[in-house]
Structure formats: structure tokens, C-alpha cells
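*Asks:* Requesting a structural model of the entry that follows:
(one chain, ligands or ions: 1)
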Amino acid sequence: MQRYRNCKLCPRQCGADRVAGQTGFCGESAVCRIAFAGPHYGEEPCFSGARGSGTIFFCGCSSQCFFCQNHQISRGREGRAATEDGLLDLAENLAKRGVHNLNFVTPDHFWPHIERLGRRLRERGHTLPFLFNSSGYQEPAMVPAYAGIMDIFMPDFKFADPELAHTCMRDRRYPDITREAIRRMVAAKGFLEPWDDEGRIIARRGVLVRHLVLPGYVENTRQVLRLLRAEFGPLLPLSVMSQFRPVETCLEQGHLDRTVTAEEYDQVCDLVGEMGFERVFIQPRAGDPDFLPDFSKQEPFAGNVKQADPAHLPAGDAFPRTS
Ligand code: SF4
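*Replies:* As a prediction, this is how the structure comes out:
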């Protein structure tokens, strides 16, 4: 709990005394809050498999992008407090349900809780891979601690353009911070493995980078891909996502107020090919609304209910994700 005093867990370095009830830029005190825990079938196929990825969605976020697809929990107040024992119960119940991994969604600002949870789970004999599912905007100095517990890193790389980063999440340093954090993730765990083009083999370890294409910003995507190609080479596993949906703040601001067009996504897929990336998940069509979350519901992802019923399995060419 001491690490929540004068909190420096993320790059904002606010110094909030979260134990005293203060909330920093992430919006959360030292009371760990979660919004949803359950098997999720909308991740990349190497994580969701047939039995789902065992997601635990944490409330709050250090990035605070105005377009956040999970805005109800990243800056809204949906969610509930969870004790250390409550977290352990949730995680063990997921494990009992046969999920392929435990997937900690937006975990960095609650790292002291998650680190302890991870240690307890290992002490109790759980061998499932632990997945750190994040914005990419992580404090690089924290990565070795994450790597001591986590098996898989799935960071976003959202912005290569500092000005776009500033507009969206108020930190021009995003590209530099995220590149350094991912460098350290790759140094600690390597690239995602085993790699299978079809995604039929469940991943156990390593790094996969996600990029959400933003409407009207193919150039930003080009710069992100260039940067990743130059830094990590063509074998870096990537997930390039088309599923962006405008949320209310996008409509209010008149910015990012539409979906990505088929032409834009085609351009992006061409860029991926031209740059020679060899390990890439793409979404051949725009995001399935069944996987747009509504965290005011007990099951936020309608698609999860359908996936659990084989009569409703989708065609299999869309994999809407958690971010
Ligand atoms: S985790 Fe929250 S309180 Fe801590 S430094 Fe980051 S934004 Fe501030």
C-alpha cells in the first residue's frame, strides 16, 4: 500500500496520496476497483482460443484518451471495489472455468494489487499465462517489475505524432515513453510465442503490439508502423485493429466522430504488407457491435453470450478486442 502514497506508478508521476483517498490523473484511489471479470472471446484468437481469455477489467486509466472505447470505466464511475481476497476469488473462478490465460486489462495504476495477486496465484499452483493488457503508456522503469509476474505483454502503440498524443491524452511524450516501455518488454520476454498465423495455438509468452487505426489518421498509423519496423524488425507480432467507434466525447468535440472507412483500413493493410511485417492479426471488417462494451450490464459484451452458445458463433473473420 505504501506505493500508493506519493504515487509514481505511471508516467504522469502525479504523487497523489491514494491511500489518503486522493485520486491522480488515473482517477483512482488506493481502493482497487474492477468493472468486469469473465471469459472474453473477442481478443486475438491466440488469446481467446475456444474457452476464452480470463479478463479482469480494472477501473480508471493513466492515459485518459478522450475517445476511449471503454470510457464508462476508464473515466466514468462504473465498477466496484475489490479486496485482495476478492480479486483472488475472481481469478481462481476464472481459472476453474478453463480460460486460457488471465488477462489483466489496464493494470498499471493498480500494480501493487496485481503483483500481490499474481504471487498468490503462483503460490497456489496456478500455471496459466498472465497477460498485461495495456495502453503502452507505461513507466519504463516499472517494466522489470511487471516482467517478474507477467508472461505476456500486449501494449498498444496509439500515436507516433506527439501533437496527436497531446490532443488525445495530453502528453506529447507518449511516443517516446511507449517505445521505451515496449523495448523493455521485448527485452524481458521476446516476441509472442508460439506464433501461429492462424492463431489456433494459444500463446504462452512474449510481446504482441496492438494498434487501433483512428479515422482520418492513416498517416499516424504509417508513422507508428515505421517506428515499430525500425525498432523491432518485421517479426514483431502485431494486431492492427479497425474497430474504432466514436463515443459521445468524439461527437461533442467533432473529432474522431466516425468509424474507419474500408478504404482507410485497406490502405493500412497495404502499408503493413509493404513494410514486410510477417506476423499480423487484422480485422477484415469493422468491429462487431456485439463486442462494443456496455459496462452498465452484468455481461458488457453481448458477443460473449453468443460465443458461449455455439449456435450463434460468428463467421470467424472478426475479432473485436478489449481496447
Ligand atoms: S497511477 Fe494514477 S496517481 Fe499514480 S502517478 Fe499515475 S495517474 Fe498519478
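
*Asks:* use CA for all of it now, contacts and neighbours both
*Replies:* OK.

*Asks:* what about the helices in the stretch 201-323 of the chain?
*Replies:* For the stretch 201-323 of the chain, the helices defined by DSSP state H, counting those that start in this stretch cover 218-232, 248-253, 262-274, 302-308.

*Asks:* Mind putting these into a markdown table with distance to the ligand?
*Replies:* A markdown table is the format used below for these (distance: least, CA to the nearest ligand atom, whole Å):
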| stretch | distance to the ligand |
| --- | --- |
| helix 218-232 | 24 |
| helix 248-253 | 21 |
| helix 262-274 | 32 |
| helix 302-308 | 30 |
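
*Asks:* residues making contact with stretch 251-264?
*Replies:* If you take CA atoms under 8 Å, 6 or more residues apart in numbering as the criterion, stretch 251-264 is touched by 67, 213-216, 218, 242-247, 250, 285-286.

*Asks:* What subset of those is buried?
*Replies:* Neighbour counting with 16 or more other CA atoms under 10 Å marks 67, 213-215, 218, 242-247, 250, 285-286 as buried within these.

*Asks:* Mind telling me the two of the residues you listed farthest from one another?
*Replies:* C250 and R285 (21.6 Å; CA to CA).

*Asks:* where's the residue of the stretch 101-250 of the chain found nearest the ligand relative to R183, distance?
*Replies:* Nearest residue of the stretch 101-250 of the chain to the ligand (CA to the nearest ligand atom) works out as H109 at 4.0 Å. In this view, H109 and R183 are 20 Å apart by CA to CA, to the nearest Å.

*Asks:* So between the two, which is more surrounded?
*Replies:* H109 (26 against 16; other CA atoms under 10 Å).

*Asks:* Next, the contact list for that one, please.
*Replies:* Residues in contact with H109 (CA under 8 Å, 6+ apart) are L9, C10, C26, E28, G60, C61, S62.

*Asks:* Let's have the residues you listed in CSV, adding neighbour count, distance to E231 and secondary structure.
*Replies:* Shown next, in CSV, are the contacts of H109 (neighbours: other CA atoms under 10 Å; distance: CA to CA, whole Å; DSSP: H, G, I helix; E, B strand; the rest coil):
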residue, neighbour count, distance to E231, secondary structure
L9, 21, 25, coil
C10, 22, 23, coil
C26, 20, 29, coil
E28, 23, 33, coil
G60, 32, 30, coil
C61, 27, 27, coil
S62, 25, 25, coil
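
*Asks:* right, and the pair among those residues with maximum separation?
*Replies:* Distances among the contacts of H109 were taken as CA to CA; the most separated pair is L9 and G60, at 13.3 Å.

*Asks:* could you point out which element follows the longest strand seen in the chain?
*Replies:* Criterion DSSP state E: the longest strand present in the chain is strand 33-40. As assigned by DSSP states H and E, the chain's next helix or strand after strand 33-40 is helix 45-48.

*Asks:* what's in contact with that following helix?
*Replies:* With contacts defined as CA under 8 Å, 6+ apart, helix 45-48 is touched by 40-42, 53, 100-101, 196, 198-203, 319.

*Asks:* Derive a ChimeraX selection command for the buried subset of those.
*Replies:* Filtering those down to the buried ones (16+ other CA under 10 Å) takes a single ChimeraX command:
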select :40,41,42,53,100,101,199,202,203,319
